[in-house]
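> let's see this in three dimensions:
(4 chains)
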2 protein chains.
Amino acid sequence: MKRGTQTKRTTIYDLAELAGTSASAVSAVLSGNWKKRRISSQLAEKITRLAEEQGYALNMQASVLRRERSKIIGMLVPKYDNRYFGSIVEQFETRARERGLFPIITCTRRDPALEIEAARAMLSYQVDCLIATGATDPDRIADICSAAGVRTVNLDLPGSRVPSVISDNFGGALELTRRVLANSEREFGEKTPLLFVGGRGTDHNTSERVRGFRAAHAEAGVEVDEALVLTCGYAPEKAENAMKSLADKVGPLPRGMFVNSTISLEGVMRWIRRSGHYADRMPLLGCFDWDPFVAMLGDHIEMVRQDVPRMLDAVFEIIDSGASELKLIQIPPIVEQTG
Amino acid sequence: MKRGTQTKRTTIYDLAELAGTSASAVSAVLSGNWKKRRISSQLAEKITRLAEEQGYALNMQASVLRRERSKIIGMLVPKYDNRYFGSIVEQFETRARERGLFPIITCTRRDPALEIEAARAMLSYQVDCLIATGATDPDRIADICSAAGVRTVNLDLPGSRVPSVISDNFGGALELTRRVLANSEREFGEKTPLLFVGGRGTDHNTSERVRGFRAAHAEAGVEVDEALVLTCGYAPEKAENAMKSLADKVGPLPRGMFVNSTISLEGVMRWIRRSGHYADRMPLLGCFDWDPFVAMLGDHIEMVRQDVPRMLDAVFEIIDSGASELKLIQIPPIVEQTG
DNA sequence: CAATTCTGCTTCATCGATTGAGCAAGCGAG
DNA sequence: CTCGCTTGCTCAATCGATGAAGCAGAATTG
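Model prediction:
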């Protein structure tokens, strides 16, 4: 009794006919509210069995079209090339599914135009809610969504229209810088100004981290060397090039550095290896973001790991509570212990 | 003239009324086939303008319900925690969008039950095609999909029902093992049996890689020590535990090893650091998979990098051509140059 | 026994977009 | 002037699921 090669899919009408009943009864049974609709348990059982036998699968398009809430939740994410965004996506999916929501994720590759296009696509698919992760223009996305009556939450980078969940970038950077400065004192007997490399000067996270970086210097009585703040972008090549041109300009290179993401660190490390600088002694490193292999790269690498589980808990708390007033939740990152 | 806080979304009926025309004309214009349907360009222009003004967004659920193809393409992926799967997902999204398809991805966390559930969810969302990446039971997924008339392609791990695109695991492992053995000869003056660690003994990739590992040994005239083939699973903890219990059992540890993924390498490296073994001299390493930081871990780490762009080209070639006869496409991985 | 309530269904409109069929006006040819 | 063709649209059915409203028949109540 198996259906031939890809005839039409089984629908509730097919099941209704097989069961000698109406589509409405089938729908009631399969959507689980047959008690409410006073369907006898015999019929319910029969329909359930038939559905099983026929390999029935609900047509979500039809279902969503009819219902007022789609139970689809969207997420925009810039990249999949590091642990931070990878775990954001994984945790997001898990939590969405726990709540009976269907997660759809789209990677926008840090491309502002693609971000907008992706947001529109999500709206077309009737998402109930959209999470904009690390968006270059979160407010634009929030506007588009609010016009369609769709709730938005910003993650990783804040906006000024809807709630945002981000790391405590200032606090994390402060602590990270402190540690690198402390290592500097331990190793070289003095605290010397560090290099800051990576990130976009215009984004909130980077500017907060630079602020933390400055604060730690101030607190240690070390003056920040402004030529050593290189907010050149996140991509490895950009970090590598920034290092290259820096080395051409300044004299002695700093003994330690604050690298503003693992992805920038990739470029920095590449430059170190290729250029032959620091050949005798590796610079003291601090990295804002965590990667298991980075931890193994040397003895003096400090890392702060953004607390993704807590960040996503906060995101879903906002979603579950239905709150949508503007607020900024800052989650302290975890300072990794290094030997 | 802005709509109040989340009234109903604008539909083609709203636009039709505003334009003093029919929904049918609006649909024709906005779906781009107004020439075919003989709509005057004045009307087309007017409708387009109105749609813009009103912030109209197509309701995909309705559209897909009516059409026979959804243009939605699904992908199941085991994890987002390494570069390999990360780039698979990113490349998949890009290629899907290039073709006007809407990609949806779900992470199954190497959980067979979740895999099936996710496949069913994809079917409910009317995907036209599903790519099962690294699935534990690809044939089960293929069966479920074929019952619904949905095409499937396996990626990374092959199945026996539908086309599969995988790396040339034998060839890659052969070359990788050769290199580690060569390093062994260079460093220690002799080729000694290597350790194989990571992966599931039951999966096709792992068994092919073990085969390549054996072949390289055979070719070098070195006998494989069967106690040194640890297919303990991929997770870092599993690799770590396998190393721990190996160290308790055997006497002198092997001088080099073949690690069957970056994720297993994470566990191996952790064990090396924690146990203090290899404290005097790091083992020679070969890793099947690439990671930028792993490359920087030491001087003697060989890696093969799976050729994700070519793999995805092959996947989409199959999809574009509509072929669905069983075949196995093996893409040679790239041997990374280390210095 | 009539009136009411309860049980277990069915009927039908609806969600928004798509598309085959059809219709009216205009225009050119005969 | 009339026939036929083109142009430019509209009508209405349809995709599959949902749920309010309604309707028989059985059970209960007064």
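
> wait, is A:Ala57 part of a helix?
No: with DSSP: H, G, I helix; E, B strand; the rest coil as the criterion, A:Ala57 is located in coil rather than a helix.

> following the chain past the lengthiest helix in chain A, name the next helix or strand.
Taking DSSP state H as the criterion, chain A has its longest helix at helix A:169-188. Tracing the chain C-terminally past helix A:169-188 and defining elements by DSSP states H and E, one meets strand A:195-197 next.

> that next one pairs with which strands, parallel or anti?
Sheet pairing of strand A:195-197 (DSSP bridges) gives strand A:229-230 (parallel), strand A:256-259 (parallel).

> tell me how many other residues crowd A:Ala23.
Neighbourhood size, A:Ala23 [other C-beta atoms under 10 Å in any protein chain shown]: 14. Just so you know, the C-beta spots here come from the backbone N, C-alpha and C atoms, and that holds for glycine as well.

> how about A:Arg281?
Considering only other C-beta under 10 Å, A:Arg281 is surrounded by 10 other residues.

> picking that back up, can you dump the C-alpha atoms of the longest helix of chain A in CSV for me?
What follows is helix A:169-188, C-alpha atoms only, in CSV (Å, rounded to 0.1, in the frame of the first residue of the first chain):
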residue,chain,number,x,y,z
ASN,A,169,32.8,44.7,27.2
PHE,A,170,34.2,47.4,29.4
GLY,A,171,34.5,45.2,32.4
GLY,A,172,35.9,42.3,30.4
ALA,A,173,38.4,44.5,28.6
LEU,A,174,39.4,46.1,31.9
GLU,A,175,40.2,42.8,33.5
LEU,A,176,41.9,41.4,30.4
THR,A,177,44.1,44.4,30.1
ARG,A,178,44.9,44.3,33.8
ARG,A,179,46.1,40.8,33.4
VAL,A,180,48.3,41.4,30.5
LEU,A,181,49.8,44.4,32.3
ALA,A,182,50.4,42.3,35.3
ASN,A,183,52.1,39.7,33.2
SER,A,184,54.2,42.5,31.8
GLU,A,185,55.3,43.5,35.2
ARG,A,186,56.1,40.0,36.2
GLU,A,187,58.0,39.2,33.0
PHE,A,188,59.8,42.5,32.4
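
> just the buried residues of that helix, please?
For helix A:169-188, a neighbour-count test (16 or more other C-beta atoms under 10 Å in any protein chain shown) marks A:169-181, A:183-184 as buried.

> excluding sequence neighbours, find me the nearest residue to the residue in the stretch 201-339 of chain A that chain B sits nearest to.
Chain B sits closest to A:Phe293 of the stretch 201-339 of chain A, with a gap of 3.7 Å, by C-beta to the nearest C-beta. Take A:Phe293 and drop its neighbours on the chain: the residue closest to it by C-beta to C-beta, 6 or more residues apart in numbering or on different chains is B:Phe293, 3.7 Å away.

> again, but for A:Ala28
Sequence neighbours aside, A:Arg37 is the residue nearest to A:Ala28 in space, at 4.1 Å (criterion: C-beta to C-beta, 6+ apart).

> what is the burial count for that neighbour?
The burial count for A:Arg37: 12, using other C-beta under 10 Å.

> what helix or strand does it sit in?
Following DSSP H and E, there is no helix or strand that holds A:Arg37.

> next: A:Ala132.
Judged by DSSP H and E, A:Ala132 forms part of strand A:129-133.

> ok so, going back, and the longest helix of chain A, what does it pack onto?
Applying 3 or more C-beta pairs under 8 Å, 6 or more residues apart in numbering or on different chains; DSSP states H and E, one finds that helix A:169-188 makes contact with helix A:204-219, strand A:256-259, strand A:284-288, strand A:301-305, strand A:334-335.

> what's near enough to touch the residue of the stretch 51-200 of chain A found nearest DNA strand C?
Nearest residue of the stretch 51-200 of chain A to DNA strand C (C-beta to the nearest atom of the strand) works out as A:Arg66 at 3.7 Å. Contacts for A:Arg66 (C-beta atoms under 8 Å, 6 or more residues apart in numbering or on different chains) come out as none.

> and it, its phi and psi?
Note on A:Arg66: backbone dihedrals following degrees, to the nearest 10 are phi -80, psi -40.

> from A:Pro103, how far out is it?
Applying C-beta to C-beta, to the nearest Å, the value for A:Arg66 to A:Pro103 is 21 Å.

> same question for A:Gly212.
As for A:Gly212, its distance to A:Pro103 is 33 Å (criterion: C-beta to C-beta).

> who touches stretch A:220-235?
For stretch A:220-235, with C-beta under 8 Å, 6+ apart as the criterion, the contacting residues are A:110, A:178, A:181, A:191-201, A:206, A:210, A:213-214, A:217-218, A:238-239, A:241-243, A:246, A:249-250, A:254, A:260-261, A:263-264, A:267.

> could you rerun that using 6 Å?
Residues outside stretch A:220-235 that contact it (C-beta atoms under 6 Å, 6 or more residues apart in numbering or on different chains): A:181, A:191, A:193, A:195-201, A:206, A:214, A:217, A:238, A:242, A:254, A:261, A:263-264.

> please apply the same query to stretch A:68-86.
A:64, A:89, A:92, A:96, A:101-108, A:110, A:118, A:122, A:126-134, A:262-263, A:289, A:291, A:306, B:80-81, B:86, B:89-90.

> repeat that for stretch A:304-322.
Contact with stretch A:304-322 is made by A:84, A:87-88, A:91, A:95, A:129, A:153, A:155, A:163, A:165, A:167, A:172, A:176, A:288, A:290, A:329, A:331, A:333-336, as judged by C-beta under 6 Å, 6+ apart.
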